[in-house]
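1. What would the 3D arrangement of this be:
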Amino acid sequence: MLEDFLRREEIGLLFLQEVAHSTIDTLRSYKTYTSVGTRGRGTAMVTRNEITITNITRLPSGRGIEAEYGGICMANVYTPSGTAKRQERGRFYNNELPYLLRASPSK
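-> Presented below is the predicted three-dimensional model:
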């Protein structure tokens with residue numbers, strides 16, 4: 001279904017969250033870049049083969065991936081949500097997100 005959607009809508013770049021596999025190699029004519037953490041979930045960027053992204057940085061938790069395309073820095077992140085994850089969310093904003101942004105090739 002994903003491959004059909006990408007082709008039908010002529011998508012060149014797609015960000016995914018809650019990715020469960022560290023490799024997605026079933027999409028013909030597309031490259032995937034994943035960041036899956038120890039809890040088995042993560043983020044990903046999917047590009048058409050002719051689009052080249054560089055300077056890829058991944059968070060060990062899988063909650064973020066960042067790359068550069070044509071001089072533009074792009075980041076795909078998802079934060080812990082809900083009241084029960086307030087401390088985890090605080091650690092994400094105070095530690096992980098700044099790490100990802102400092103690694104930005106645009107800085």
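
2. how deep is residue 3 tucked in, by neighbour count?
-> Neighbour count of residue 3, defined by other Cβ atoms under 10 Å: 13. C-beta here means a position set from N, CA and C on the backbone, and glycine is covered the same way.

3. could you say which helix or strand contains it?
-> Following DSSP states H and E, one finds residue 3 within helix 2-8.

4. which parts of that helix are buried?
-> Buried positions in helix 2-8, judged by neighbour count with 16 or more other Cβ atoms under 10 Å: residue 6.

5. For it, output the C-alpha coordinates as CSV.
-> The C-alpha trace of helix 2-8 is given here as CSV (Å, rounded to 0.1, in the frame of the first residue of the first chain):
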residue,chain,number,x,y,z
LEU,A,2,2.8,2.4,0.9
GLU,A,3,4.6,1.9,-2.5
ASP,A,4,1.3,2.4,-4.4
PHE,A,5,0.6,5.6,-2.4
LEU,A,6,4.2,7.0,-3.1
ARG,A,7,3.8,6.3,-6.8
ARG,A,8,0.2,7.5,-7.2
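
6. now what about it, what contacts it?
-> With contact meaning Cβ atoms under 8 Å, 6 or more residues apart in numbering, helix 2-8 is reached by 11, 14, 26-28, 30, 46.

7. ok, now stretch 24-43?
-> Counting by Cβ under 8 Å, 6+ apart, 2-3, 6, 15-23, 44-49, 51, 53, 56, 58-65, 67, 76-78 sit against stretch 24-43.

8. how long is that stretch end to end?
-> 12 Å (Cα to Cα, to the nearest Å).

9. Could you check how many residues crowd around the nearest residue to residue 59 once chain neighbours are set aside?
-> Once flanking residues are discounted, residue 59 sits nearest to residue 96: 5.3 Å by Cβ to Cβ, 6 or more residues apart in numbering. Residues lying near residue 96 (other Cβ under 10 Å) number 17.
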